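> all I have is the shape, not the residue letters:
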């Protein structure tokens with residue numbers, strides 16, 4: 001038995017395949033500058049993105065939220081802020097001094113009303129004032145709680161606004177990159193088609209040795225058959 005010889009061959013391209021290759025290569029060469037321009041635009045917009053210090057932003061947000069929770073806990077215990085209570089007390093003092101209290105005292109000094117009548121009027125006015133103070137206290141608690149809820153809403157909106165600003169600032173760059181990637185997919189598809197067609201062109205033949213002619217013919221026949229795609 002003689003020595004066998006294996007040879008690699010490639011099926012010639014058909015005219016239709018040559019034309020298709022030329023069209024695909026021309027398309028890729030034409031579209032590539034557009035892809036490069038889109039990537040350049042995306043890279044340029046990356047420098048304009050808004051990227052806050054999220055650790056600092058979150059710490060500030062958490063600190064303010066905790067302060068609101070602490071104030072609401074005090075409010076549940078019936079405690080308004082000291083500044084609020086002082087301002088309200090000053091208001092009642094001025095109200096008493098500048099209106100009913102001052103008027104009764106002046107009338108008593110002038111002998112218009114006796115001390116008993118003055119005491120009765122003063123007590124009646126103080127009762128009315130106490131009722132008004134109780135009503136005002138309830139309103140103050142509700143008002144202060146609403147202010148705390150509004151502050152919490154503003155904090156949440158501010159946090160969300162920063163997140164939206166960061167996302168929007170990245171969107172333009174992302175849009176350019178997505179457009180470049182979508183366009184590049186057609187190039188990838190063209191290269192894949194060329195590669196698949198090239199892989200189907202090769203075949204082997206074997207000659208010489210025992211059964212060489214017969215085996216070579218069979219390999220040649222089978223390769224040619226499977227190479228036709």
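On my side now, so go ahead. Given the structure is predicted, the values throughout are model-derived calculations rather than measurements.
> what residue ranges in this structure score low on pLDDT?
1-3, 97-122, 124-125, 197-204, 208-229 (pLDDT under 70).
> what segments of it are helices?
Assigned by DSSP state H, the helices in the chain fall at 15-46, 54-76, 82-98, 100-109, 115-199, 212-227.
> dump these into a markdown table; add distance to residue 206 and mean neighbour count as well.
The way it works is simple: take the backbone N, C-alpha and C, and place the C-beta from them, glycine included. Shown next, in a markdown table, are the helices of the chain (distance: least, C-beta to C-beta, whole Å; neighbours: other C-beta atoms under 10 Å):
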| stretch | distance to residue 206 | mean neighbour count |
| --- | --- | --- |
| helix 15-46 | 27 | 13 |
| helix 54-76 | 67 | 13 |
| helix 82-98 | 100 | 12 |
| helix 100-109 | 123 | 14 |
| helix 115-199 | 20 | 13 |
| helix 212-227 | 5 | 14 |
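> what's the closest of these to residue 4?
Taking C-beta to C-beta, helix 212-227 is the member of the helices of the chain nearest to residue 4, at 5.5 Å.
> relative to residue 151, how far out is residue 144?
Distance of residue 144 to residue 151, given as C-beta to C-beta, to the nearest Å: 11 Å.
> re the thing from before, among the helices of the chain, which is nearest residue 5?
Among those, if distance is taken as C-beta to C-beta, the winner is helix 212-227, at 7.9 Å.
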